[in-house]
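*Asks:* No letters, just coordinates:
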């Protein structure tokens, strides 16, 4: 790279870029800091946008609907659920609804021990969940298992599972495996009817003609059925993971502040080091006619190039390694697959812009010492 051949960028910008490319090892520390800062900044943001997104229900073992009813731990549950279904059947805003019943059944583990399993009974084809393997149970001799249950019971598609209730055995074939991080990750879904045994809870999935009315209808049903937990999809996620979402949001803000402060500190320290190391070079440039503003632009160009490469590498790292790390944590709760839902405005606009402002601020503060470098003091050198 020769200055006399430069026709693309400003001279000061060219000199700044050339300095970085000719002294790569000197800027390696700064590059590492930017990569780590970007990684620290983006992981909590991506995790927050994923958990708070409507698509996160695919990891929760529930069908995608507009409104959810949950009736549990109350007297006369069957009569109350009948009243809800009667209202939904006459509501013109409702296109379809499905009632599910959750009961406990006894099973034999691979070690021969007897344990209980929660089974969601009902039609699982109307509001299907995402199945990692197989499909939803459609006949009375089929059952779908959550990832954690399938792992602990050592079951795969086509295997036989025996459920016991009130001394009666029911032989079922495993037809599907799905993600579920609720209820400890240990659930199952089946389509058979079972009158005996206590009901743990009822769930009613509701589809509206206009899903934009889901929040208003949920509020209306809440007033009408005070004994039930009623929520639209966003409300259900907030009820289930509200504290977790709030905590991750706070962590993402704290991580951004910490990353920006770390970037400012390291950039400022490196600026002080470079100015102290290049006092003679800066004096020579001043004698050739370069102003303090020109030299400041050169420093900004240096760190801008480092910032661009570091931010790009950090973003790629956050969306690959970060996704793997987050997926490993989520998998421990009962999910087999995990994909970040990235907010492009936050991840690709606000965060890089904040990093750029932090670097420019640090360079501006660091170059205040340029005024103290006098050409006359370096004439002998």
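*Replies:* Ah, there it is. Please read all numbers here as calculations on a predicted model, not as lab measurements. Residues are numbered from 1 along each chain as shown.

*Asks:* ok, and for stretch 252-270, which residues are buried?
*Replies:* 252, 255, 256, 259, 260, 262, 263, 264, 266, 267, 268, 270 (16 or more other C-beta atoms under 10 Å). C-betas here are computed from N, CA, C, even on glycine.

*Asks:* Doesn't residue 101 lie inside a strand?
*Replies:* Yes - judged by DSSP: H, G, I helix; E, B strand; the rest coil, residue 101 forms part of a strand.

*Asks:* Tell me the bridge partners for it.
*Replies:* Per DSSP bridges, the residues bridged to residue 101 are residue 121, residue 202.

*Asks:* Please, where are all the strands along the protein?
*Replies:* 67-72, 94-108, 114-121, 131-134, 142-146, 160-165, 168-178, 187-190, 199-208, 229-232 (DSSP state E).

*Asks:* Could you list the residues in contact with the third one?
*Replies:* Here strand 114-121 makes contact (C-beta atoms under 8 Å, 6 or more residues apart in numbering) with 100-109, 143, 149, 163, 183, 186-194, 200, 203.

*Asks:* quick one, what contacts residue 44?
*Replies:* 248, 251, 252, 255.

*Asks:* Can you tell me how far the first one is from residue 343?
*Replies:* Relative to residue 343, residue 248 is positioned 13 Å away (criterion: C-beta to C-beta, to the nearest Å).

*Asks:* One more: the second one?
*Replies:* Distance, residue 251 to residue 343, by C-beta to C-beta: 15 Å.

*Asks:* Looking at the two, which is more packed in?
*Replies:* residue 343 (18 against 15; other C-beta atoms under 10 Å).

*Asks:* if we can go back for a sec, from the buried residues of stretch 252-270, which land in helices?
*Replies:* Among the buried residues of stretch 252-270, the ones falling in helices (DSSP state H) are 252, 255, 256, 259, 260, 262, 263, 264, 266, 267, 268, 270.

*Asks:* I'd like to know which of those residues is nearest to residue 325.
*Replies:* Of all these, residue 255 has the smallest distance to residue 325: 14.1 Å, by C-beta to C-beta.

*Asks:* So for that closest one, what's the nearest residue that isn't a sequence neighbour?
*Replies:* Using C-beta to C-beta, 6 or more residues apart in numbering and skipping the chain neighbours, the partner closest in space to residue 255 is residue 44 (4.8 Å).

*Asks:* Please read off the pLDDT at the one you found from the model.
*Replies:* Looking at residue 44, its pLDDT is 90.

*Asks:* From residue 285, how far off is it?
*Replies:* When residue 44 is compared with residue 285 (using C-beta to C-beta), they lie 42 Å apart.

*Asks:* the domain parsing of this protein - what is it?
*Replies:* 3-55+241-378, 75-226 (automatic domain parsing).

*Asks:* Can you check which of the ones you listed gets nearest to residue 61?
*Replies:* domain 75-226 (2.9 Å).

*Asks:* pLDDT score assigned to the residue nearest the centre of the chain?
*Replies:* Residue closest to the average C-alpha location in the chain (C-alpha atoms, centre = their mean): residue 47, at 2.3 Å. pLDDT for residue 47: 87.

*Asks:* residue contacts, it?
*Replies:* 248, 252, 326, 340.

*Asks:* try it again with 6 Å
*Replies:* Residues near residue 47 by C-beta atoms under 6 Å, 6 or more residues apart in numbering: 248, 326.

*Asks:* repeat for residue 136
*Replies:* By C-beta under 6 Å, 6+ apart, the contact set of residue 136 is 124, 125, 128, 176.

*Asks:* could you redo the last one with a cut-off of 10 Å?
*Replies:* When contacts are counted by C-beta atoms under 10 Å, 6 or more residues apart in numbering, residue 136 touches 63, 123-129, 142, 144, 175-176, 178, 189-191.

*Asks:* among those, which ones are buried?
*Replies:* Neighbour counting with 16+ other C-beta under 10 Å marks 63, 123-124, 127, 129, 142, 144, 175-176, 178, 189-191 as buried within the contacts of residue 136.

*Asks:* With distance to residue 236 and pLDDT as extra columns, can I get those residues in a markdown table?
*Replies:* Listed next are these as a markdown table, based on distance: C-beta to C-beta, whole Å; pLDDT from 0 to 100:
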| residue | distance to residue 236 | pLDDT |
| --- | --- | --- |
| 63 | 11 | 77 |
| 123 | 19 | 90 |
| 124 | 18 | 89 |
| 127 | 13 | 86 |
| 129 | 14 | 84 |
| 142 | 27 | 93 |
| 144 | 21 | 93 |
| 175 | 26 | 93 |
| 176 | 22 | 92 |
| 178 | 17 | 89 |
| 189 | 18 | 93 |
| 190 | 22 | 93 |
| 191 | 23 | 90 |
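
*Asks:* and which of those residues is nearest residue 22?
*Replies:* Closest approach to residue 22 among those (C-beta to C-beta): residue 178, at 55.9 Å.

*Asks:* What count of nearby residues applies to the closest residue to residue 267 other than its chain neighbours?
*Replies:* Spatial nearest neighbour of residue 267, excluding adjacent residues (C-beta to C-beta, 6+ apart): residue 362 at 3.6 Å. Using other C-beta under 10 Å, residue 362 has 22 neighbouring residues.

*Asks:* do the one 3 residues further on as well
*Replies:* The burial count assigned to residue 365 is 14, neighbours taken as other C-beta under 10 Å.

*Asks:* Helices of the stretch 1-150 of the chain, start to end?
*Replies:* 11-22, 28-51, 77-90, 147-153 (DSSP state H, counting those that start in this stretch).

*Asks:* now those as TSV including distance to residue 209?
*Replies:* Conversion of those to TSV gives the following (distance: least, C-beta to C-beta, whole Å):
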stretch	distance to residue 209
helix 11-22	58
helix 28-51	29
helix 77-90	13
helix 147-153	34
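
*Asks:* Which of these sits closest to residue 312?
*Replies:* The nearest among those, by C-beta to C-beta, is helix 28-51 at 8.6 Å.

*Asks:* Give me the distance between that closest one and the centre of its chain.
*Replies:* 13 Å (C-alpha atoms, centre = their mean, to the nearest Å).
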